[in-house]
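J.: Okay, predicted coordinates and the sequence, questions at the end:
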Amino acid sequence: MDRIVITGKQPLRGSVKVSGAKNAALPILASVILGGGECTLTNVPRVVDVFTMGKLLGMLGATVQADGNRVVMKMDALRSPEAPYDLVRTMRASVVVLGPLLARWGEATVSLPGGCAIGSRPVNLHLAGFEKMGATVTVEHGYIKAKAPRLKGARICLDFPTVTGTENLMMAACLADGTTVIENAAKEPEIVDLAAFLVKRGARIAGAGSDLVTIEGVKALRGADHDVIPDRIEAGTYLAAGAITGGDVSVEDCRPQHLEAVTAKLREAGAEVVEGKESVRLRAPARLKSVDVRTYPYPGFATDMQAQMMALMCVAQGTSVITEAVFESRFIHVPELQRMGAEIKVDGSHAVVTGAARLAGAPVMASDLRASAGLIVAGLAAEGETDIARVYHLDRGYERIDEKLRGLGARIMRVKDGSSGVASGAGA
Ligand code: EPZ
């Protein structure tokens, strides 16, 4: 297992290009199951979760050919309706194959995703929606078994604006009989991107990006080409890296309007943030001010940026309260930050962070994708060397993060486990 070794306190300067959004690419790839002609996707990030989804789609009967950041895909026949546990447990987002399988092929057997480092991750709202659309759903021996000769349109009110739940139900509704209305739908940009792709393929969807999405079922979809939107969480991660090092970083090829809750918080903390058409430039003071953060569904502050923001607050001036209001336990990065000297007290969904003048580099352990990103941000500001183990978590959602950070002047190296890596400015 590789490790990432960082020698901190190097102000980051320069520009970095953002890759395509993992959380847009995954449901868009899964929508190939809905059938119709060949589709060509561009700006698909080369990350492990995308490879995993491609493997799963192949098992189900799709052909998915990747060439760099370009993917050509189609599905003319079902090979199997089953998404197996040993694959689903490595990527919870596999659950988004459930809706398309039901809608196009009438059956699905998908392993329950199981919990992960950030919570139990239930899918009850997905399943209740499918039942409303006429599917029979049972859960046995850890698998969701769903059948529906023909889904029918329904009015579905979600208890919580679940992102993949909205995506799953929206895809299923594309081929259902009649009209489906999803109330309290999630509004994330990734949902808007999925809807835009489906509409290009002939789906009839209105209201994506609002909390009321209406889908009128059609008989079949056709092929289409699509350029995946940039990854707002990757963009926010590089802004946090610039902010914590007192740097001057320009994030290119992004959508500033998708980052507004994050850039507002960075400005509140004292950073100067200038938005271009497809870029955001951040210049930070030597030390930021503490700010309070509460995560919230989009357009609120993204839970996927919480760990990165907490790292920033560990060296800010003052005390900040960080509230994780989306997942039930997403503070697993706290003990690792404390190993670096951070002063953090967790009480339920709140973490009180007392900003210290410095963090000290230390050997730490990555636990999930975004916690790992938070440790990298902290390591960039820490005195001395931070050695992050289990970086395979990072590879799930960040394309070449060490290379991109080196391009900003970070002293960061990826080392094979068992060898001592000394981070240098090499390759800046
Ligand atoms: C998506 O996960 C993202 N993943 C997550 O990003 C992101 O953190 C999350 O949305 C919130 O923004 C993908 O898009 C692939 P949810 P998802 O369903 O859809 C509860 C990353 O790092 N809930 O919106 O699984 C749930 O327990 C990942 O890229 C139910 O109770 O999140 C949680 O508390 C991590 N029942 C809350 O809703 C359900 O049926 C939000 O979950 C579904 C969800």
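T.: Perfect, I can see it now. Numbers count the residues shown, from 1 in each chain.

J.: In contact with the residue of the chain most remote from its centre, which residues are there?
T.: What lies farthest from the middle of the chain is residue 149; by Cα atoms, centre = their mean that is 32.8 Å. With contacts defined as Cβ atoms under 8 Å, 6 or more residues apart in numbering, residue 149 is in contact with residue 106. (Glycine included, C-beta is placed from N, CA and C.)

J.: how close does it get to residue 129?
T.: 18 Å (Cβ to Cβ, to the nearest Å).

J.: Then residue 406?
T.: Per Cβ to Cβ, residue 406 is found 44 Å from residue 129.

J.: who has more neighbours, those two?
T.: More neighbours surround residue 129 than the other of residue 406 and residue 129, with 26 against 20 (other Cβ atoms under 10 Å).

J.: Following the chain past the helix or strand containing that one, name the next helix or strand.
T.: Assigned by DSSP states H and E, residue 129 belongs to helix 124-132. Proceeding N to C from helix 124-132, the next assigned helix or strand is strand 136-140, under DSSP H and E.

J.: Say whether the ligand is contacted by the helix or strand following that next one.
T.: As assigned by DSSP H and E, the chain's next helix or strand after strand 136-140 is strand 143-147. No - Strand 143-147 is not in contact with the ligand by Cβ under 6 Å from any ligand atom; minimum separation 11.3 Å.

J.: Quick check: can you name the pairing partners of strand 143-147 and their directions?
T.: strand 107-111 (antiparallel), strand 136-140 (antiparallel) (DSSP bridges).

J.: And these: which comes nearest the ligand?
T.: strand 136-140 (12.2 Å; Cβ to the nearest ligand atom).

J.: What residues of that closest one count as buried?
T.: Neighbour-count burial for strand 136-140, counted by 16 or more other Cβ atoms under 10 Å, picks out residue 137.

J.: likewise stretch 142-156?
T.: Across stretch 142-156, burial judged by 16+ other Cβ under 10 Å covers 143-148, 151-154, 156.

J.: Of all pairs in these, which one spans the longest distance?
T.: Among these, the pair separated by the greatest distance (Cβ to Cβ) is 143 and 153, at 26.8 Å.

J.: how about low-confidence regions in the stretch 301-428 of the chain?
T.: 418-428 (pLDDT under 70).

J.: can you list the residues of the chain near the ligand?
T.: 23, 26, 92-93, 119, 121-126, 160, 162-165, 186, 303-304, 326-327, 369-370, 397.

J.: Tell me which entries of those lie within helices.
T.: 23, 26, 124-126, 163-165, 369-370 (DSSP state H).

J.: Could you list everything residue 279 pairs with in the sheet?
T.: residue 252.

J.: From residue 75, how far out is residue 28?
T.: 13 Å.

J.: again, but for residue 69
T.: 21 Å.

J.: neighbour-wise, which of those two wins?
T.: Using other Cβ under 10 Å as the criterion, residue 69 and residue 75 rank with residue 75 on top: 24 against 18.

J.: and that one, backbone torsions?
T.: phi -150, psi 110 (degrees, to the nearest 10).
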